[in-house]
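Colleague: any chance you can model this:
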Amino acid sequence: MSTPSDQVTPPSEPVSSSSSDRNVAMITHLSGCVLYVIVPLIVWLIHKDRPDKTYLAHEAKEALNFQITILLAWVACWILKIILIGFFLMGALWLVNLIFCIVAAVKVSSDGSYRYPFTLRLVN
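Modeller: Predicted coordinates:
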């Protein structure tokens with residue numbers, strides 16, 4: 001008789017199929033520091049329907065969701081520039097984007113997948 005602990009559950013995150021996929025995912029995450037939404041959107045659109053590239057599509061979608069969240073925060077900072085607090089928030093937002101993009105790239109290059117905290121999941 002099998003117990004629930006004996007049953008194998010599928011992983012919640014796709015597993016990387018090759019080192020080239022990991023490298024492209026790492027570049028996708030790092031590109032958010034400079035090009036924001038453009039590279040993650042292109043990578044996701046190219047690989048979203050390919051069953052052999054589920055890992056890459058997942059990582060591109062994660063980076064795209066984070067960069068959309070950052071873009072919305074930039075809009076809020078531009079609005080808040082009227083009361084001068086937006087200038088400080090823009091610097092903090094730039095730093096947060098840089099740090100999270102680097103952390104995601106390192107995590108993806110070393111062992112697999114990264115999920116950004118505080119991200120709106122708009123692209124499913």
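
Colleague: and residue 75, how far from residue 69?
Modeller: Distance, residue 75 to residue 69, using C-beta to C-beta, to the nearest Å: 11 Å. For the C-beta atoms, the positions are set from N, CA and C on the backbone; glycine is no exception.

Colleague: sorry, slip of the keys, the one I care about is residue 59.
Modeller: 16 Å.

Colleague: can you name the next helix or strand after the helix or strand residue 60 falls within?
Modeller: Element membership for residue 60, per DSSP states H and E: helix 54-80. On the C-terminal side of helix 54-80, the closest following helix or strand by DSSP H and E is helix 85-111.

Colleague: show me how far that following helix is from its chain's centre.
Modeller: How far helix 85-111 lies from its chain's middle: 11 Å, per C-alpha atoms, centre = their mean, to the nearest Å.

Colleague: and for stretch 68-78?
Modeller: 16 Å.

Colleague: then stretch 109-117?
Modeller: 8 Å.

Colleague: send the alpha carbons of that stretch over as PDB?
Modeller: Taking Å, rounded to 0.1, in the frame of the first residue of the first chain, the C-alpha atoms of stretch 109-117 are listed here in PDB:
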ATOM      1  CA  SER A 109      22.400  30.400 -14.000                       C
ATOM      2  CA  SER A 110      23.300  28.200 -11.000                       C
ATOM      3  CA  ASP A 111      20.400  25.900 -10.400                       C
ATOM      4  CA  GLY A 112      17.100  26.600 -12.100                       C
ATOM      5  CA  SER A 113      14.200  29.000 -11.600                       C
ATOM      6  CA  TYR A 114      13.500  32.300  -9.800                       C
ATOM      7  CA  ARG A 115      10.300  33.900  -8.800                       C
ATOM      8  CA  TYR A 116      10.300  37.600  -8.200                       C
ATOM      9  CA  PRO A 117       8.700  38.800  -5.000                       C
END
